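# Coordinates only, no sequence provided:
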């Protein structure tokens with residue numbers, strides 16, 4: 001039975017493409033099953049890792065439906081696809097995404113106001129969306145592309161208190177901000193998820209509810225082990241956290257091409273075709289780095305009693 005809470009470890013799911021640059025729905029199904037089998041508590045589909053800014057509206061909707069169908073109610077699936085500039089177009093795409101069967105539709109903070117616009121514009125646009133789509137369950141993602149816009153404290157407090165959001169993917173990468181946000185949403189239903197591995201364990205200790213990030217595409221099972229066991233042995237948890245933090249440097253090295261290569265070399269056959277980055281970034285040295293990571297993952301899984 002699917003857990004009704006928003007908690008635990010979730011991937012920002014990549015999108016596999018065929019060699020002729022179409023969404024590879026067979027690989028999408030396999031990847032969804034892999035996440036479930038490896039202990040994921042949910043999936044964030046149609047996000048930046050999914051290359052949503054490079055997908056057509058129909059591709060975004062079809063991808064969300066495919067992940068929902070493959071998950072088959074075993075875990076939660078949320079999706080964004082919130083990429084348009086015009087507010088009326090945003091409302092159309094968010095409403096359409098809500099019809100795909102996802103558990104929540106995720107707003108992107110930088111879509112709600114331009115980089116040079118203030119909180120007044122952001123708040124007005126957010127309230128317009130909430131009012132026009134009042135039956136939709138929303139989360140929010142501080143997506144760093146095309147520019148990073150962190151939520152201000154007043155909006156977060158209001159959105160949590162008024163039950164406007166069930167999920168926040170925090171990309172502040174700041175333990176100070178994370179601790180402050182725990183206090184801002186205390187006593188509400190808003191679940192705080194950290195995208196940053198370096199502050200992850202400390203954010204959980206402070207009161208965060210989960211992890212939602214890039215590196216779950218590589219080793220979701222190790223993140224899930226840490227989430228389930230960190231309270232039992234803090235010294236061991238810190239050692240696993242340190243491994244995950246160093247491994248996360250991979251994110252800056254040809255992602256998401258390297259994630260597709262990693263999966264192809266381990267569990268799920270897929271092409272390296274990627275719309276957001278040239279495949280050439282995955283040069284010989286970058287491939288050696290992925291094979292080193294694979295060996296390190298196997299050693300860590302052996303230490304933790306996880307299957308290879």
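Great, that's in hand. The structure presented is a predicted model; accordingly, all values stated were derived computationally and were not measured.
# I figured residue 196 hits residue 175, correct?
No. Residue 196 is beyond contact range of residue 175, at 9.1 Å (criterion: C-beta atoms under 8 Å). Backbone N, C-alpha and C define where each C-beta goes, glycine included.
# Quick check: neighbours shared by these two?
With contacts defined as C-beta atoms under 8 Å, 6 or more residues apart in numbering, the residues adjacent to both residue 196 and residue 175 are residue 203.
# What segments of the stretch 151-300 of the chain are helices?
153-161, 175-184, 200-206, 216-229, 234-247, 257-266, 284-304 (DSSP state H, counting those that start in this stretch).
# any chance of these in TSV, plus distance to residue 128?
Below are the helices of the stretch 151-300 of the chain laid out as TSV (distance: least, C-beta to C-beta, whole Å):
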stretch	distance to residue 128
helix 153-161	14
helix 175-184	23
helix 200-206	31
helix 216-229	33
helix 234-247	39
helix 257-266	35
helix 284-304	43
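# To residue 132, which of these lies closest?
Smallest distance to residue 132 across the helices of the stretch 151-300 of the chain (C-beta to C-beta): 16.1 Å, for helix 153-161.
# Does anything pack onto the closest one? Which helices or strands?
helix 119-132, helix 175-184 (3 or more C-beta pairs under 8 Å, 6 or more residues apart in numbering; DSSP states H and E).
# Please name whichever of those helices is nearest to residue 257.
helix 175-184 (29.8 Å).
# what separates residue 59 from residue 24, distance-wise?
Counting by C-beta to C-beta, to the nearest Å, the gap from residue 59 to residue 24 is 12 Å.
# now do residue 157
In terms of C-beta to C-beta, residue 157 sits 42 Å off from residue 24.
# Those two: which is more packed in?
Shown here are residue 157 and residue 24; by other C-beta atoms under 10 Å, residue 24 has more neighbours (21 against 18).
# Now the more buried one. Nearest residue, chain neighbours left out?
Excluding its sequence neighbours, the residue lying closest to residue 24 (C-beta to C-beta, 6 or more residues apart in numbering) is residue 16, at 4.1 Å.
# Helices along the stretch 1-150 of the chain, start to end?
In the stretch 1-150 of the chain, the helices defined using DSSP H, counting those that start in this stretch lie at 25-37, 57-71, 87-98, 119-132.
# by contact count, what packs against the last one?
I take that to be helix 119-132. Helix 119-132 is packed against helix 87-98, helix 153-161, with contacts defined by 3+ C-beta pairs under 8 Å, 6+ apart.
# next one: it to chain centre, how far?
Here the centre of helix 119-132 is set off from its chain's centre by 23 Å, with C-alpha atoms, centre = their mean, to the nearest Å.
# what angle do it and helix 153-161 make?
Orientation check (axes from the mean of the first three to the mean of the last three C-alpha atoms, to 10 degrees): helix 119-132 against helix 153-161 gives 20 degrees.
# And the contacts of helix 119-132?
For helix 119-132, contacts defined as C-beta under 8 Å, 6+ apart pick out 87, 90-91, 94, 107, 109, 112-114, 138, 149, 152, 154-155, 159, 164.
# Out of those, who's the most crowded?
That'd be residue 107 among the contacts of helix 119-132, by other C-beta under 10 Å, with 26 neighbours.
# my guess is residue 304 contacts residue 228, does it?
No. Counting by C-beta under 8 Å, residue 304 stays clear of residue 228, with 10.4 Å between them.
# Just give me the neighbour total for residue 295.
Neighbourhood size, residue 295 [other C-beta under 10 Å]: 9.
# residues in contact with residue 270?
By C-beta under 8 Å, 6+ apart, residue 270 lies in contact with 16, 24, 27, 31, 260, 263, 264.
# Kindly report the same for residue 265.
Residue 265 makes contact with 290, 291, 294, according to C-beta under 8 Å, 6+ apart.
# thinking again about what came up before, export the helices of the stretch 151-300 of the chain to JSON lines and tack on mean pLDDT?
Output for the helices of the stretch 151-300 of the chain, formatted as JSON lines (pLDDT from 0 to 100):
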{"stretch": "helix 153-161", "mean pLDDT": "98"}
{"stretch": "helix 175-184", "mean pLDDT": "98"}
{"stretch": "helix 200-206", "mean pLDDT": "98"}
{"stretch": "helix 216-229", "mean pLDDT": "98"}
{"stretch": "helix 234-247", "mean pLDDT": "98"}
{"stretch": "helix 257-266", "mean pLDDT": "98"}
{"stretch": "helix 284-304", "mean pLDDT": "97"}
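# between the ones you listed, which one is nearest to residue 42?
That would be helix 216-229 among the helices of the stretch 151-300 of the chain, by C-beta to C-beta, at 10.3 Å.
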